[in-house]
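Engineer: from the sequence below, what's the structure:
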Amino acid sequence: MNIFVLMKRTFDTEEKITIRAGEIDQQDAEFIINPYDEYAVEEAIRLKEAHGGEITVVTVGGEDAERELRTALAMGCDKAVLLNIDGELEDPDPFSTSTILYHYLKEKQFDLILGGNVAIDGGSGQVGPRLAELLNIPCVTTITKLSVNGKDAEIERDSEGDLEKVTAPLPLLVTAQQGLNEPRYPALAGIMKAKKKPLEELELDDLDLTDEDAAAKTKTIERFLPSKKKSGRFLDGDAGKQAKQLAALLRSDAKVI
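Structural biologist: Take a look at the predicted model:
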C-alpha cells in the first residue's frame with residue numbers, strides 16, 4: 001500500500017500559552033504533533049505492518065516543523081515531506097493548506113491518505129474534506145476503526161455519539177478520531193533510523209504555485225484566552241427556597257429571565 005499521512009505541528013495545549021499583542025508568544029510555547037494526526041500516523045504504520053507498502057508523512061509549515069516530521073519517521077513512517085511556506089504565506093487557513101497539499105498530491109500514486117479529524121489549535125476539521133474534494137476521491141471523517149480488504153475499506157466512524165459502519169473504495173481519504181488506536185512512542189532504534197530517512201523540502205515554486213494562488217480566504221481578527229470560569233455557588237434551604245433563589249439569580253445576575 002502507498003500511504004500518505006497529513007500532519008500538522010501544533011501548540012501543546014497541555015502547556016501554558018501566552019498571548020501578546022493578539023499573537024501567541026512562540027518563545028514560551030511548546031510544540032507537538034497534532035494529537036489527532038498521531039492517530040493517523042499510528043494507523044498508517046499498522047496498515048503497513050499488515051499489508052506492506054510505504055508511508056510518506058507530509059506537512060505544510062516552516063523549517064521548525066522538521067522535529068515533528070522526524071518524530072513521525074521515528075515512529076515508523078518511511079519518508080517525510082515539508083511543504084515550506086516560510087516567508088511566503090502569512091496565517092494560512094484551511095483553503096491555503098488544502099490547496100498546497102492538492103498540488104503536491106495530485107500527481108502522486110496513493111491508496112490511502114490519513115489525517116487527523118481536527119487540529120487542536122484551529123479546530124476547523126476542513127483540510128481533509130477539502131483535499132478529498134480537490135482530488136475527487138471519497139472521504140470519511142472521524143473514523144474509529146479501519147480495515148482494508150483488497151480494493152475496499154471497512155470503516156467505523158463516530159457520528160455525534162452514534163456509530164456508523166461504512167464501506168468505501170480505494171483510493172480514499174480518512175480522518176482519525178480519538179479511539180482509533182493508541183499511538184506508539186518512538187523507540188531508540190526508530191529515533192536512530194529516523195536520522196537517515198529522507199526528508200524532502202519543497203516550496204510553492206516547486207509546486208507551480210504562487211502565494212496568491214494559496215492566499216488565505218479568511219482573516220484572523222483577534223486572538224484571546226478564554227475568560228476565567230467563576231466559582232460555583234451553593235443555594236441554601238429546602239427545594240422551594242432554592243428555587244426562589246435560583247429564579248432571582250437568573251433574573252439579577254445572569255439576566256436570562
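
Engineer: if I look at Phe88, how far off is Glu203?
Structural biologist: Heads up, residue 88 is Glu, not Phe. 7 Å (CB to CB, to the nearest Å). All C-beta atoms are positioned from the backbone trio N, CA, C, and that covers glycine.

Engineer: try Lys219
Structural biologist: 23 Å.

Engineer: higher neighbour count, the two?
Structural biologist: Neighbour comparison, Lys219 and Glu203: the larger count goes to Glu203, with 14 against 7 (by other CB atoms under 10 Å).

Engineer: quick one, strands of the stretch 51-200 of the chain?
Structural biologist: Assigned by DSSP state E, counting those that start in this stretch, the stretch 51-200 of the chain shows strands spanning 54-61, 79-84, 112-116, 139-149, 152-159, 162-169, 172-176, 199-203.

Engineer: redo the ones you listed as TSV? Include distance to Glu23 and mean pLDDT.
Structural biologist: As requested, the strands of the stretch 51-200 of the chain are exported to TSV (distance: least, CB to CB, whole Å; pLDDT from 0 to 100):
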stretch	distance to Glu23	mean pLDDT
strand 54-61	17	97
strand 79-84	21	97
strand 112-116	24	97
strand 139-149	30	96
strand 152-159	34	94
strand 162-169	39	94
strand 172-176	28	97
strand 199-203	24	96
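
Engineer: out of the ones you listed, which one sits most buried?
Structural biologist: With neighbours defined as mean count of other CB atoms under 10 Å, these peak in mean count at strand 112-116, which reaches a mean of 28.

Engineer: name every strand pairing with that one and say which way it goes.
Structural biologist: strand 2-6 (parallel), strand 172-176 (parallel) (DSSP bridges).

Engineer: would you quantify the distance from Phe234 to Leu163?
Structural biologist: In terms of CB to CB, Phe234 sits 39 Å off from Leu163.

Engineer: for Leu225, that is, sorry about that
Structural biologist: From Leu225 to Leu163 the distance is 35 Å (CB to CB).

Engineer: same deal with Lys255?
Structural biologist: 41 Å.

Engineer: next one: Glu212
Structural biologist: Glu212 is 44 Å from Leu163, where distance means CB to CB.

Engineer: for Gln178, grab phi and psi.
Structural biologist: Here is the backbone geometry of Gln178 (degrees, to the nearest 10): phi -60, psi 140.

Engineer: what about it, how many residues nearby?
Structural biologist: Count around Gln178 with other CB under 10 Å applied: 13.

Engineer: now do Asp12
Structural biologist: 15.

Engineer: in contact with it, which residues?
Structural biologist: 29-32 (CB atoms under 8 Å, 6 or more residues apart in numbering).

Engineer: at 7 Å what do you get?
Structural biologist: Taking CB atoms under 7 Å, 6 or more residues apart in numbering as the contact definition, Asp12 lies against 30-32.

Engineer: ok, and the most crowded of the residues you listed?
Structural biologist: Busiest of these [other CB under 10 Å] is Ile32, holding 18 neighbours.

Engineer: please tell me how far it sits from Gly190.
Structural biologist: For Ile32, the distance to Gly190 - CB to CB - is 17 Å.
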